[in-house]
Structures are given as C-alpha cells and as structure tokens.
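Visitor: return atomic coordinates for the entry below.
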Amino acid sequence: MYEMWLKYKYIVLLGTVIIGISIYYYSNPNQEGLKDNVAAVAHEEIQEGFPSKQQEEENDAQKVFLVDVKGAVVKSGVYELRQGTRIKDAIAAAGGFADHADSNGVNLAATLQDEMVVYVPVIGEEQSTVQNGGETKDSKISINKATSEELQQIPGIGPTRAETIINYREENGPFKKIEDLLEISGIGEKTLEKMKDKIKL
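Guide: Down below sits the predicted model:
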C-alpha cells in the first residue's frame, strides 16, 4: 500500500488541487483565464509524475542478472552482470582467460542471458563436446544464443530476419517457446514448421 502511495501520490495530490481550484473558479466566474491555467498546470504536473522514455531506458540498463563462468578463466564463479553485456564482459569479470585457454572456442560477441553458463575450453579440448557458452553441441541452433551467421543456417532465415530475431531478443528478452518466432515479420506457420527440427531455445 505504501509503494502504491509513493507511485500515485502526485496524481492524488494533483487531483485534490484541481478539485479545489475548480470549486473556486465556478464560485467566482469573473476569474478570467483561471480554467486555462488549471489545465496547463495539470498537464505539467502529470508529465512530471511519470518517468520519461530516457529514464525507462536507464532503468533497463541497470537491471542485473547472474552468469556462471567456468573452464579456463582466472577465477571461475557466478557473476552479476548488467543487461546488454556480452560474453567478453563475463570473461573479464572472471579475471580474463587463463594461460591454457582456447579463446577461439568462445564467441565473445554473444549477448548474455540470465542464468547462462559461459564455458571456456582449454587448448586441445575436443570442440565436439562444447561450444559457445558451454552448451553440449548438437545439430540444433539456439534461437536465444545464436549469432546472425548461425541463425542464417536455419531454413528460411536470411540476414534481415536474423537481425530481426537478434533485435527481438535484445528488446524483449529470450524466446520463451519456439512458437514465439511467429512474432517475427515474415515467419508464418509453414516457415516455422520447416525449421522446427533445426532449432531450439
């Protein structure tokens, strides 16, 4: 209840002021221009009571999530990172690559997701066992983690749709189910059916 009061207190107070001024105005009809002034003040106060788009974007940028960094890094562990950061930032948080790390086995540009595991292989480790983020390799492509180039390996996905998928992930977070791809322009039921056996979350 207290949080609701903090959120809406300006609107409640503004409403009280408007009612009081309105009563005064109608009791004193000779007060020219008062009605317009009330409307102007009301508009200004309401605008101040709500966060701007810039403030909302800044709040989103401050959101944090946890990422588990494992393998050939200086200090493996669970790290708290901000929304929009990438695998290179997670590795930096873990102290960087260890001397025996195979940096070629990691996609440093991939965007991080909450509860994601980032695994850095050692030199000589079989690449058939791990790939970006420590996920067991299989024939399916992750629509939540794949790069633009990887997404273009999916039937029906070209450069434009690949970028649209990546933009969707960045704006809305990871896909919750495969069918969410129907939100992407140009992907319909038939196209989704053709790619279902090639993709995963």
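
Visitor: pLDDT-wise, which helix or strand of the chain ranks last?
Guide: helix 34-49 (a mean of 53; mean pLDDT, DSSP states H and E).

Visitor: find the nearest non-adjacent residue to Ala98, please.
Guide: Ala72 (4.3 Å; CB to CB, 6 or more residues apart in numbering). C-beta: built from backbone N, CA, C; applies to glycine.

Visitor: one more: Lys177?
Guide: Leu201 (7.3 Å).

Visitor: residues near the residue nearest to Ala98, how many?
Guide: Counted with other CB atoms under 10 Å, the neighbours of Ala72 add up to 21.

Visitor: distance of Val106 from Ala94?
Guide: 12 Å (CB to CB, to the nearest Å).

Visitor: okay, these two: which has more neighbours?
Guide: Each of Val106 and Ala94 has its neighbours counted (other CB under 10 Å); Val106 has more, 26 against 23.

Visitor: can you map out the helices along the chain?
Guide: Secondary structure of the chain (DSSP state H): helices at 2-27, 34-49, 53-61, 87-93, 148-151, 159-172, 189-195.

Visitor: which parts of the last one are buried?
Guide: By 16 or more other CB atoms under 10 Å, the buried positions in helix 189-195 come out as 191-192, 195.

Visitor: pLDDT below threshold where in this protein?
Guide: Low-confidence segments of the chain (pLDDT under 70): 1-15, 17-18, 20-62, 126-139.

Visitor: before we move on, the earlier item: out of the buried residues of helix 189-195, flag the one nearest to Asp180.
Guide: Closest to Asp180 out of the buried residues of helix 189-195 is Leu192 (10.0 Å), distances taken as CB to CB.
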